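K.L.:
Okay, structure incoming, though there's no sequence with it:
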C-alpha cells in the first residue's frame, strides 16, 4: 500500500474518531479492520489489473528480437533495454539469470518463431510440393517486410562461438527440412541436393541484394517452387 493511501486512511480515521467520541470503540475497531482489509484487497486487485505488459518474459524476448533486427547484437544491453521497456533491472533478473541467459533465450525464441514456426505453417500443406510453396511464400513475406534479423544474427555468430554453434544447428534444421520436402518431389538424389542448395542460397541471397526486391521479383525468383494459388 502506498504512502498516499496510508495518509488517506489516517485522515479518515481521525475524522471518524472526531465524529464518534461516544461510539463504542470495540465496534469502531471491527469496522476499521473490515475497512482496511477491504481497502487492501481493492488495492491488490487494482495493482494486478494494472500490471505493465512490458514486465513479462515474452516482452523481453520480443524486445531482444526487435533490437537485433534494428540495431544488431551489440545493442543487447540491459540498462538500455530496461529504459525502452520502462521497467527496472529487477524485471530483467526475475526472468533471466544473466545477460548470457537472456541472449540464448532470445536465440531460442528466434528459432521457435522463424524456423519451427515457418515449418509448422508449411506443414499445413497436404503435399510436399504444397508445403514447399507455403514455405516459399513465408520467405517472400519476410523479405518484403525488409527485416535484417537473419543478417544480424549471422554477423553475431561470427563473433561468438556459442552463438555460432546454436545458429549453425538452426541452419542445419532448415536445410534438412528443405531436403525432406524435396526428397518427396524429385526421385533423383542429385536433383534433391541441387534444389536444396539453390533454395537455401536464394533465401540467403535475397537479404543481401543491393536494393529492396519487389513482391513480383521475389515471386519470380521462387516461381519454380510456388503453387499459383499461394502467390495471390
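P.N.:
Alright, I've got the coordinates. Please read all numbers here as calculations on a predicted model, not as lab measurements.
K.L.:
Now do the same for residue 130: helix, strand or coil?
P.N.:
helix (DSSP: H, G, I helix; E, B strand; the rest coil).
K.L.:
Helices of this protein, residue ranges please.
P.N.:
For the chain, helices defined by DSSP state H occupy the ranges 3-19, 25-49, 57-70, 78-85, 89-95, 99-111, 117-122, 128-145, 149-157, 161-183, 189-206, 215-221.
K.L.:
got the contact list for residue 125?
P.N.:
Neighbouring residues of residue 125 by CB atoms under 8 Å, 6 or more residues apart in numbering: 131, 132, 133, 134. (Each C-beta comes from the backbone N, C-alpha and C, glycine too.)
K.L.:
How much space separates it from residue 148?
P.N.:
28 Å (CB to CB, to the nearest Å).
K.L.:
Same check on residue 61?
P.N.:
Counting by CB to CB - residue 61 and residue 148 are separated by 18 Å.
K.L.:
Comparing these two, which shows the higher neighbour count?
P.N.:
Neighbour count, other CB atoms under 10 Å: between residue 61 and residue 148, residue 61 has more, with 21 against 15.
K.L.:
How about that one, nearest residue that isn't a chain neighbour?
P.N.:
In this structure, residue 61 finds its nearest non-sequential neighbour in residue 109, 4.3 Å apart by CB to CB, 6 or more residues apart in numbering.
K.L.:
One more: residue 156?
P.N.:
In this structure, residue 156 finds its nearest non-sequential neighbour in residue 73, 3.8 Å apart by CB to CB, 6+ apart.
K.L.:
Let me know whether residue 195 touches residue 189 as I believe.
P.N.:
No: using CB atoms under 8 Å, residue 195 is not in contact with residue 189; the gap is 11.1 Å.
K.L.:
Looking at these two, which is more packed in?
P.N.:
residue 195 (19 against 11).
K.L.:
ok, now which ones touch the closest residue to that one other than its chain neighbours?
P.N.:
The spatially closest residue to residue 195, leaving aside those adjacent along the chain, is residue 182, at 5.2 Å (CB to CB, 6+ apart). Residue 182 is in contact with 128, 132, 191, 192, 195, 196, 199, counting by CB under 8 Å, 6+ apart.
K.L.:
May I see the ChimeraX selection of the buried members of the residues you listed?
P.N.:
The following ChimeraX line selects those of the contacts of residue 182 that are buried, judged by 16 or more other CB atoms under 10 Å:
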select :128,132,192,195,196,199
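K.L.:
with the contacts of residue 182 in mind, which one is nearest to residue 68?
P.N.:
Top of the list for closeness to residue 68, among those and by CB to CB, is residue 199 at 24.3 Å.
K.L.:
rewinding a little: against residue 154, how distant is the residue nearest to residue 156?
P.N.:
From residue 73 to residue 154 the distance is 10 Å (CB to CB).
K.L.:
out of those two, which sits in the more crowded spot?
P.N.:
Comparing residue 73 with residue 154 by other CB under 10 Å, the one with more neighbours is residue 73, at 19 against 16.
K.L.:
doesn't residue 155 make contact with that one?
P.N.:
Yes: in this structure residue 73 lies within contact range of residue 155 using CB under 8 Å: 7.3 Å.
K.L.:
picking that back up, okay, the contacts of residue 182 in JSON lines with distance to residue 215 and pLDDT next?
P.N.:
Shown next, in JSON lines, are the contacts of residue 182 (distance: CB to CB, whole Å; pLDDT from 0 to 100):
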{"residue": "128", "distance to residue 215": "25", "pLDDT": "97"}
{"residue": "132", "distance to residue 215": "19", "pLDDT": "97"}
{"residue": "191", "distance to residue 215": "28", "pLDDT": "97"}
{"residue": "192", "distance to residue 215": "28", "pLDDT": "97"}
{"residue": "195", "distance to residue 215": "22", "pLDDT": "97"}
{"residue": "196", "distance to residue 215": "24", "pLDDT": "96"}
{"residue": "199", "distance to residue 215": "18", "pLDDT": "93"}
